[in-house]
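1. Fold the following for me, if possible:
(2 chains)
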Number of protein chains: 2
Amino acid sequence: VAAEKTRQLTVQMMQNPQILAALQERLDGLNGSPSGYMESLPKVVKRRVNALKNLQVKCAHIEAKFYEEVHELERKYAALYQPLFDKRSDIVKAAYEPTDEECEWKADEEEDDCPKTSFNQDEMKEKAKLEEEKKDEEKEDPKGIPEFWLTVFKNVDLLSDMLQEHDEPILKHLQDIKVKFSDPGQPMSFTLEFHFEPNDFFTNTMLTKTYKMRSEPDENDPFSFDGPEIMSCTGCTIDWTKGKNVTLKTIKKKQKHKGRGTVRTVTKTVPNDSFFNFFTPPEVPENGELDEDSEAILAADFEIGHFIRERIVPRAVLYFTGEAIEDDDDDYDEEGEEADDEVKPPKNYHMTLELTFWKL
Amino acid sequence: VAAEKTRQLTVQMMQNPQILAALQERLDGLNGSPSGYMESLPKVVKRRVNALKNLQVKCAHIEAKFYEEVHELERKYAALYQPLFDKRSDIVKAAYEPTDEECEWKADEEEDDCPKTSFNQDEMKEKAKLEEEKKDEEKEDPKGIPEFWLTVFKNVDLLSDMLQEHDEPILKHLQDIKVKFSDPGQPMSFTLEFHFEPNDFFTNTMLTKTYKMRSEPDENDPFSFDGPEIMSCTGCTIDWTKGKNVTLKTIKKKQKHKGRGTVRTVTKTVPNDSFFNFFTPPEVPENGELDEDSEAILAADFEIGHFIRERIVPRAVLYFTGEAIEDDDDDYDEEGEEADDEVKPPKNYHMTLELTFWKL
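-> Numbers count the residues shown, from 1 in each chain, chains lettered A, B, ... in the order given. Model (predicted):
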């Protein structure tokens, strides 16, 4: 009935020249907005714009191939980085002791020669050095770089947010994170390998997380294409030692007997916050529909996986020492800088991370 | 004298065990901060961390080569896009009339078949169509896509901010923007070519702006390397027709004669706001030192040049129609979305735009 009334009203309105004129005026007013502008174009011009849009779709498909070739390049360069990463891993886990030459850091030298150094700084340095040597003597001789990856995790907000106290003793055993790319010709993906030394928590020597990607325009929305996207991810089974599974906790619950009314206490096992939930991400169902929680978890997961691949693995030592310059820092002005200088440089060659499952 | 006093005070302080203990405590408190943490490490571990940093410098140099190869790929793909861009240009400037098939846009068809279409929408569409046809008859037959690039400029905030009213009649004559890359083996750079049809404003048929880039780690700060950077840019001379130079304006100024005290009015030529100032950017002096204004202008200039190359030229029609999805839009939530979903996806493969002259 309401629909019928609306219909009648609309018919009346459309027959009223004044209302029509007012409508037209409002439509004209929309010319400033892009869609209104398009509407206002003569038909012949609109035709030509469509031709340009068809050319643009072709561009999107060429762009997809470009990103595939970039991915090939990344694969090629991964092989070039690997010997350096392997050496890093060997130093971290004390499989290799670097030579004096390898350990010489230019900046340290320069600091000593710094003309600013006044004698009292020298004195303080001397004191600090003595303190340090004393400390070194007290400590047992450390092997490699203890807690290297745990420290990296703690220094990166994105990761430290996932870290629970009970995860830390486990992550002390993390010895390396490697990125493995899918083979050429295979569907685009990458796997993060977390290599652990033998430990009391689980029997795996490696935990894995694989991210499937796609580099082609969506047929229904070709213009949204902007490089490879992570589509889904899969984790691995962790073979926890009995009683060591930090992703579960037992809680005590009181149960009331329906008939007798007596109360008993039962222990129940429930999920527990842990970094290691990273290895059991929510699955994206066939129809692509996810509840809000799973969506949020996957959105964060994709971002973390991407960040580990793109930043953490290639620059781990800089996150260990805190020297890694985060893009976020660019959002803040240096003290004393003028507001005029607030030009945010665009980000560089990072792989896109659009959460495409939202669109499925 | 003040320095001497400070020195004496410091010596006294360093001899006071309580002050020393307090200092040590404060230093220990810094362990949470990365540099403090590094300080706290045993010497042998610090040595090994230095070895990792040296490996990281090697990574930065490999990364530089990666970006050079990406640049090669961009060059290769520029050649693949070019025929499509040439066709676009021909359609815009009416050198080519696209066929019916080329002008068929799937979405338009689909809209007509849309099940949502109720009869009153049909009626409104009919009215709109009649209006449109009437409009078309009134207008003289437009050639190509009039004001294509001017409309693009107006639809992009970054460009419309530079646009002055007196620039618009000139930009109506802009027929194409092309990106030309430096030849292989040459220093990395790209040139934006602005192609104009013959006009009353200047005799150039093309205005150019060249951006010099660099893709290698800074020796003094290798870890800041994050892809190619724009280093400087150069414009071109515009041969303005007499009286048409919009980058200059004449103002009247009153001058008082020193001796006689009489006042005369003189006309003075001064710079005028205009998009065309884009072709005379401030020069970066040899020592790299720039005043704040020039710095701000160049920061904005680099961003604009980069944006034209990376977004505007490859997707011009989407900026014309308003369909281009801006990254900035991602900063805003869709209505009704939960705050939990607020994960900003990282940006994708864009060329870095660090303003390196600040560091020179």
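2. buried set for stretch A:58-78?
-> Neighbour counts over stretch A:58-78 (16 or more other CB atoms under 10 Å in any protein chain shown) mark A:59-60, A:63-64, A:66-67, A:70-71, A:73-74, A:77-78 as buried. Yep, even glycine has a C-beta here, placed from its N, CA and C like the rest.
3. Then stretch A:145-154?
-> For stretch A:145-154, by 16+ other CB under 10 Å, it's A:145, A:147-154.
4. go on, stretch A:202-215?
-> A:202, A:204, A:207, A:209-215.
5. go on, stretch A:50-59?
-> A:50-57, A:59.
6. Show me the shaky parts of chain A.
-> A:1-35, A:107-140, A:325-360 (pLDDT under 70).
7. one more time with 50
-> A:25, A:27-33, A:111-119, A:327-360 (pLDDT under 50).
8. longest helix in it, by residue count?
-> helix A:43-92 (DSSP state H).
9. Let me know the angle separating that one from helix B:43-92.
-> Here helix A:43-92 runs at an angle of 170 degrees relative to helix B:43-92 (axes from the mean of the first three to the mean of the last three CA atoms, to 10 degrees).
10. Downstream of helix A:43-92, the next helix or strand is which one?
-> Downstream of helix A:43-92, the first helix or strand assigned by DSSP states H and E is helix A:100-103.
11. Tell me which residues are up against the host helix or strand of residue A:151.
-> Element membership for residue A:151, per DSSP H and E: helix A:148-155. Outside helix A:148-155, the residues that touch it by CB atoms under 8 Å, 6 or more residues apart in numbering or on different chains are A:92, A:159-160, A:163, A:168, A:171-172, A:174-177, A:275, A:312, A:316, A:319-320, A:322, A:324, B:34, B:37.
12. Could I have the PyMOL command that selects the buried members from these?
-> To isolate the buried ones among the contacts of helix A:148-155 in PyMOL, judged by 16+ other CB under 10 Å, type:
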select buried, (chain A and resi 92+159+163+171+172+174+175+176+177+275+312+316+319+320+324) or (chain B and resi 34+37)
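13. ok, back up a step: distance to residue B:283 added to the buried residues of stretch A:50-59, as JSON lines?
-> Below are the buried residues of stretch A:50-59 laid out as JSON lines (distance: CB to CB, whole Å):
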{"residue": "A:50", "distance to residue B:283": "44"}
{"residue": "A:51", "distance to residue B:283": "42"}
{"residue": "A:52", "distance to residue B:283": "37"}
{"residue": "A:53", "distance to residue B:283": "41"}
{"residue": "A:54", "distance to residue B:283": "43"}
{"residue": "A:55", "distance to residue B:283": "38"}
{"residue": "A:56", "distance to residue B:283": "37"}
{"residue": "A:57", "distance to residue B:283": "42"}
{"residue": "A:59", "distance to residue B:283": "35"}
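14. Could you tell me which ones among those residues also sit near chain B?
-> A:50-56, A:59 (CB under 8 Å from any CB of the partner chain).
15. Among these, which one lies nearest to residue B:220?
-> Nearest to residue B:220 among these is residue A:59, at 40.4 Å by CB to CB.
16. Quick check: the gap between that closest one and residue B:87.
-> Computed as CB to CB, to the nearest Å, the residue A:59 to residue B:87 distance reads 11 Å.
17. and if you look at residue A:295?
-> Counting by CB to CB, the gap from residue A:295 to residue B:87 is 41 Å.
18. What separation is there between the closest residue to residue A:166 other than its chain neighbours and residue A:200?
-> Nearest residue to residue A:166 in three dimensions, chain neighbours excluded: residue A:246, at 4.6 Å (CB to CB, 6 or more residues apart in numbering or on different chains). Using CB to CB, one obtains 12 Å as the distance from residue A:246 to residue A:200.
19. Which one of the two is surrounded by more residues?
-> residue A:246 (21 against 11; other CB atoms under 10 Å in any protein chain shown).
20. mind checking the SS state of that one?
-> coil (DSSP: H, G, I helix; E, B strand; the rest coil).
21. Thought residue A:167 was touching it, still the case?
-> Yes - applying CB atoms under 8 Å, one finds residue A:246 in contact with residue A:167, separated by 6.3 Å.
22. shared neighbours of those two, anything?
-> A:274, A:276.
23. related to what we said a few turns ago, just checking, which of the contacts of helix A:148-155 belong to strands?
-> Among these, the residues falling in strands (DSSP state E) are A:174-177.
24. Closest one of those to chain B?
-> residue A:176 (12.5 Å; CB to the nearest CB).
25. For that closest one, give the beta-bridge partners.
-> residue A:195 (DSSP bridges).
26. same check, this time on the one 5 residues further on
-> Taking DSSP bridges, one obtains residue A:190 as the residues bridged to residue A:181.
27. Could you pull up the residues touching it?
-> Contacts of residue A:181 by CB under 8 Å, 6+ apart are A:71, A:74-75, A:78, A:189-190.
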